[in-house]
Each structure stands twice: as structure tokens, then as C-alpha cells.
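Peer 1: model this:
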Amino acid sequence: MPELAEQTRIAAPLDTVWPLLSDPAAVASCIPGASLAPDQGDGRWRGAVKVRFGPTTATFRGEATLTFDHAAHRCSIEGRGIDQRGASRALSSGTVAARADGADTLLDVEGRFTVTGPLETFANAGGVHVARALLGEFSANMARLVAERGQASAMQAPAMQAPAMTEAAPAPEPSAVAAAPVGPPVAPLVAAPSPASSGTAPATGAAAPASGQGHAPARAPARAPARAPIPPPAPARELSALRLAWLAFRSWLRSLLGKGTP
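Peer 2: Model prediction:
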């Protein structure tokens, strides 16, 4: 039974990485060749993973049960799958633990898997190296997803701030208007009758409205812009046969030379 014990680094802080690691849709989007079916609400996540074993391309469809310990930043995984031809089957189990390392996040991945059927021989010989290659791609994709989410949140920030309501200038108090001196005394608006005139002279002026008596109409509050939703993560592109073979070969070569994993 091949076993995997690897450590990988994600160039992002733990408090932003762990929420994504505990989101199955986000995790699936970072695994090359993986796709996730809609959640059925039974605690089991169903999907498919397309993996190239040497010259053969296998699509495994299966399900996984995830158990999260958010306080310890740890997840236990139990999964099983079958290839599209029904000839090869796979069982896997493992744990993923995340911890902070400065501004980065370290993932400790431990697991074991078995493959039966036509792919058993290749899986036993090179399955660990393929898993290492996929893990390296996963780490890079997760760091990219964290950066994309950060940019989306930054673009949302202005939209979330509603503009302040425009307030009309306060109208002066009527008593203040009446008491405030406005200049030298003015002549009466009604002229006194002339001695030579037999009638009363018409009024020479009309009362003007006091300044400041009218109120400016209050402006309606501006409506806040609509909040743009964060787009769902795009699926990671599938590893090409040439690239996966090269990454697996490099992993095998480094382990052979005792230089650790890539």
C-alpha cells in the first residue's frame, strides 16, 4: 500500500488559507483535473478526478467524507473511487494539517492509498510521485486563489461603503432673523400724505420677504452601489501528460538522491 508523507508551503497566511481549505469547492478547484458535484447535504462529497498514469488517462469518480477540526486546523479524509471503465478501483485515507510559518502556511499531508486493477502496477511504482506532483500544483493554485479572493475583496470595499446622506443647511431661527440688525433704519413703506394733495398717496413699496425664511429642499439620500459578489473559484486546469510525467520524474529523482521532495 503506497504511503504519502509530504509537507508543502502555501505563500499566504493561515487565517486566509484555512477558510479555503475547509471549503470543498475551493479545494476541488485547486486540484488539477478535479471536479465537484453539487452538495447532497449528507456529509459526503462526490466528484471526479482525472489523472494521467503514464500513457493512460484515468477518470476516477467517487466520494469522500471530510471531518474538520477547525480549532486544530486539521482535516481527516476518507475516499474511494472507480475509473470510468470500472476496471480499476482506488481507496484512500489521510489527514491534512495546516500551521502558520511566518507569513506562509505549511501543510502536512499524510495518507495511504490502494489501487486495484490494470493501474495497480503503475500506481504502486509511481503513484507517490504523481501525488507529490499534484500536491505541488495544488499549493500553487491555492496561493493563486487566495490572491484572487483578496483582490475581489479589495474591489468590494468601496461598494460596501454607502455615501453619507447630504444634509440641507440648517435654516436660521426666526427669532434670530428678526433680532439681527440689517443696517440703518429705512423709511416707512407707506408715504405720508402731502399737504398739497387732497387724497392719500398710494404705497410706494411692498413688504419684501425676510431673507433666510425659505427652506432649501432636502436631498434624498443616495442609494449605495450594489455589492458585487465574489465569483466562484475557477477549476484548475488539467495537468498535461508531459508535465505530470516530468514532475513525477523529478520527484523520483530527488527522492533517489536523498534531496527531499520538490
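Peer 1: please make it C-alpha for all contacts and neighbour counts, starting now.
Peer 2: Will do.
Peer 1: show me what the helix or strand where residue 137 lies is packed against.
Peer 2: With elements taken from DSSP states H and E, the one containing residue 137 is helix 120-160. Under the contact definition 3 or more CA pairs under 8 Å, 6 or more residues apart in numbering; DSSP states H and E, helix 120-160 sits against strand 3-10, helix 14-21, helix 24-30, strand 104-116, helix 241-257.
Peer 1: please work out the average pLDDT along it.
Peer 2: Helix 120-160 shows a mean pLDDT of 77 in the predicted model.
Peer 1: and the angle from it to helix 14-21?
Peer 2: Orientation of helix 120-160 against helix 14-21 (axes from the mean of the first three to the mean of the last three CA atoms, to 10 degrees) gives an angle of 120 degrees.
Peer 1: coming back round to it: where among the helices and strands packed on helix 120-160 is average confidence lowest?
Peer 2: Within the helices and strands packed on helix 120-160, the stretch with the lowest mean pLDDT is helix 241-257, showing a mean of 58.
Peer 1: pLDDT below threshold where in the stretch 151-262 of the chain?
Peer 2: Screening the stretch 151-262 of the chain residue by residue with the criterion pLDDT under 70, one finds the ranges 152-262.
Peer 1: just give me the neighbour total for the closest residue to residue 106 other than its chain neighbours.
Peer 2: For residue 106, ignoring the flanking residues on the chain, the nearest one in space by CA to CA, 6 or more residues apart in numbering is residue 9 at 4.6 Å. Using other CA atoms under 10 Å as the criterion, residue 9 is surrounded by 18 other residues.
Peer 1: now do the contacts for residue 9.
Peer 2: Under the criterion of CA atoms under 8 Å, 6 or more residues apart in numbering, the neighbours of residue 9 are 104, 105, 106, 107, 139.
Peer 1: for the first one, which residues make a bridge with it?
Peer 2: Yep, that's residue 104 we're talking about. Going by DSSP bridges, residue 104 is paired in beta bridges with residue 101.
Peer 1: just give the number of residues close to it.
Peer 2: Using other CA under 10 Å, the number of residues around residue 104 comes to 17.
Peer 1: these two touch, right, it and residue 8?
Peer 2: No: taking CA atoms under 8 Å as the definition, residue 104 is not a contact partner of residue 8, at 10.4 Å.
Peer 1: could you dump the helix or strand encompassing residue 64 to CSV, C-alpha only?
Peer 2: With elements taken from DSSP H and E, the one containing residue 64 is strand 56-69. What follows is strand 56-69 as a C-alpha-only set of coordinates in CSV (Å, rounded to 0.1, in the frame of the first residue of the first chain):
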residue,chain,number,x,y,z
THR,A,56,-3.0,6.1,-19.7
THR,A,57,-5.6,8.7,-18.7
ALA,A,58,-7.9,7.5,-15.9
THR,A,59,-11.0,9.3,-14.7
PHE,A,60,-11.9,8.3,-11.2
ARG,A,61,-15.4,9.0,-9.9
GLY,A,62,-16.1,8.7,-6.3
GLU,A,63,-16.9,10.2,-3.0
ALA,A,64,-15.1,11.5,0.1
THR,A,65,-16.0,12.1,3.7
LEU,A,66,-14.3,15.1,5.3
THR,A,67,-14.1,15.7,9.1
PHE,A,68,-12.8,19.1,10.1
ASP,A,69,-11.2,20.2,13.4
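Peer 1: quick one: buried residues of it?
Peer 2: Counting neighbours by 16 or more other CA atoms under 10 Å, one finds that the buried residues in strand 56-69 are 58, 59, 60, 61, 62, 63, 64, 66, 68.
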